[in-house]
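Trainee: model this:
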Amino acid sequence: MKHIVETWDEKLYESVTWDFYFEGLNIGVLDIETTGLDPARNKFVLGCLLDVSKAELHQVIARSRAEEAVALGTYMRLLEDLDAVITYNGRRFDIPFLQRRRQACMGALDYLKQEENGGCRTHDEGTSFYDLDLFQVLDKHSALRKILPNLKQKTVENYMGLWETRADRISGGESVELYDEYEATGDEAIEKKLLLHNRDDVKQLARLTRAVSKCDFHAAMFRQGFPIKTGSLLLRVENMRLEKEGLSCRGTQLRTPIDYMGFELDGWSVTSRFYKDRMAKSRGAFEIKLPLIRREGYVIVDLQAAGLLAEEFAGYPDSGSGFLVIGDPDGVRYRQTNHFIKSFIKRMAASSRL
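Mentor: You can find the predicted model right below:
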């Protein structure tokens, strides 16, 4: 197994919208290479991680399939302190593949952990970070599907003017064939090709984050969910709904889960439940239900009752006098709803209720 570390001298995309969701978080950009698509039969053999906060680019490669466990353990340790990762189709492939291979290598990983006096989390506790799947964002919340032949990463890179910054020219399928040859021969020239392909995928994906400017990112975050870090808690907020009974949201406690149940917050009728036991059916879930005001097709939140400052939301249309409009006859106002949920959960944490 080899672990290569390089410095990264670029900056991740920044904008008011991006920073609203990700400012202050430890972010990584990842991509993995495997011997096939089925994690039940195939192996993790190469992973690249760009640790943005440390400006470091890591690559871990198994020189043979027999080295999968040690390579996987090394790679998973790199992910432990991240709050969020950026992937391309990672929710469907990279993250589930890593989870399945971690389970498959459980015995070997436990042994390695004892040998190294500490190491990666080897029990099945899911991931401890939020995954921003850029493919799903562009696929469901941009017009790129209609104007491009496909949404493969290299196709979108070309559209965004990034093709010249890529040195690698092989495909993912070719990398599988190259790894078979590398395992058989140990050829360093093949190893360099594999590392370049994997490294370029991550570097290009980091640059591709600017593509969020081509989509309705607030709608994407409402549908995909978004991270909230407050104190020692790291949450993924998802499944938000404007219902007749009020605003409901559910999600997952990604780190240091707590147990909590409440039916009011400073006199406001709020139902909240946080489940600590990650091994139970709830698996660190949480759910919150908040009262709403409905008037002539508009959905309104009483900011004063929620304990939030009206000045924080002063720039939104149709909002004022301590009230915030989060829905109208045309549907959900995604930006306002996300902003309110994020601020309210942080307010709950600050009140020592969480």
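
Trainee: And the contacts of stretch 317-330?
Mentor: Contact with stretch 317-330 is made by 242, 247, 292-293, 297-304, 310, 313-314, 316, 332-333, 336-337, 340, as judged by Cβ atoms under 8 Å, 6 or more residues apart in numbering. For every residue, glycine as well, the C-beta is placed using N, CA and C.

Trainee: Show me which of those residues are buried.
Mentor: Among these, those classed as buried by 16 or more other Cβ atoms under 10 Å are 242, 247, 292, 298-301, 303, 313, 316, 332-333, 336-337, 340.

Trainee: so where's this structure uncertain?
Mentor: For the chain, the stretches flagged by pLDDT under 70 are 107-126, 278-283, 352-353.

Trainee: Try it again at 50.
Mentor: 117-124 (pLDDT under 50).

Trainee: buried ones in stretch 327-346?
Mentor: Neighbour-count burial for stretch 327-346, counted by 16+ other Cβ under 10 Å, picks out 327, 332-346.

Trainee: and if you look at stretch 14-26?
Mentor: Using 16+ other Cβ under 10 Å as the test for burial, stretch 14-26 gives Trp18, Phe20, Tyr21, Phe22, Leu25, Asn26.

Trainee: Now it - C-alpha only, CSV.
Mentor: C-alpha atoms of stretch 14-26 as CSV (Å, rounded to 0.1, in the frame of the first residue of the first chain):
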residue,chain,number,x,y,z
GLU,A,14,-16.9,30.8,-3.1
SER,A,15,-20.1,32.7,-3.3
VAL,A,16,-22.7,34.1,-0.9
THR,A,17,-25.0,31.1,-1.7
TRP,A,18,-22.2,28.5,-1.3
ASP,A,19,-20.9,30.0,1.9
PHE,A,20,-24.4,30.1,3.4
TYR,A,21,-24.3,26.3,3.5
PHE,A,22,-20.6,25.4,3.8
GLU,A,23,-18.7,28.3,5.4
GLY,A,24,-16.8,27.0,8.5
LEU,A,25,-17.1,23.4,7.6
ASN,A,26,-14.1,21.0,7.1
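
Trainee: State whether Arg101 and Arg65 are indeed in contact, as I suppose.
Mentor: No. Applying Cβ atoms under 8 Å as the test, Arg101 and Arg65 come out as separate, 11.4 Å apart.

Trainee: more neighbours, these two?
Mentor: Shown here are Arg101 and Arg65; by other Cβ atoms under 10 Å, Arg101 has more neighbours (23 against 15).

Trainee: isn't there a helix covering the more buried one?
Mentor: Yes. Under DSSP: H, G, I helix; E, B strand; the rest coil, Arg101 falls within a helix.

Trainee: Which residue, other than its chain neighbours, is closest to it?
Mentor: Once flanking residues are discounted, Arg101 sits nearest to Phe44: 4.8 Å by Cβ to Cβ, 6 or more residues apart in numbering.

Trainee: Please apply the same query to Asp259.
Mentor: Leaving aside its chain neighbours, Asp259 sits nearest to Lys276 (4.0 Å; criterion: Cβ to Cβ, 6+ apart).

Trainee: can you give me the helices in the stretch 251-354 of the chain?
Mentor: Ranges of helices within the stretch 251-354 of the chain are 303-306, 334-350, based on DSSP state H, counting those that start in this stretch.

Trainee: Relative to Gln224, which of these is closest?
Mentor: Among the helices of the stretch 251-354 of the chain, the nearest to Gln224 by Cβ to Cβ is helix 334-350 (11.0 Å).

Trainee: Can you dump the C-alpha atoms of the closest one in PDB for me?
Mentor: Only the C-alpha atoms of helix 334-350 are listed here, as PDB (Å, rounded to 0.1, in the frame of the first residue of the first chain):
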ATOM      1  CA  TYR A 334     -36.600  27.400  -0.700                       C
ATOM      2  CA  ARG A 335     -34.000  29.900   0.300                       C
ATOM      3  CA  GLN A 336     -36.200  31.400   3.100                       C
ATOM      4  CA  THR A 337     -37.200  28.000   4.400                       C
ATOM      5  CA  ASN A 338     -33.600  26.700   4.500                       C
ATOM      6  CA  HIS A 339     -32.500  29.900   6.200                       C
ATOM      7  CA  PHE A 340     -35.200  29.700   8.800                       C
ATOM      8  CA  ILE A 341     -34.600  26.000   9.600                       C
ATOM      9  CA  LYS A 342     -30.800  26.500   9.900                       C
ATOM     10  CA  SER A 343     -31.200  29.600  12.200                       C
ATOM     11  CA  PHE A 344     -33.900  27.900  14.400                       C
ATOM     12  CA  ILE A 345     -31.900  24.700  15.000                       C
ATOM     13  CA  LYS A 346     -28.900  26.800  15.900                       C
ATOM     14  CA  ARG A 347     -31.100  28.800  18.200                       C
ATOM     15  CA  MET A 348     -32.300  25.500  19.900                       C
ATOM     16  CA  ALA A 349     -28.700  24.500  20.400                       C
ATOM     17  CA  ALA A 350     -27.700  27.900  21.800                       C
END
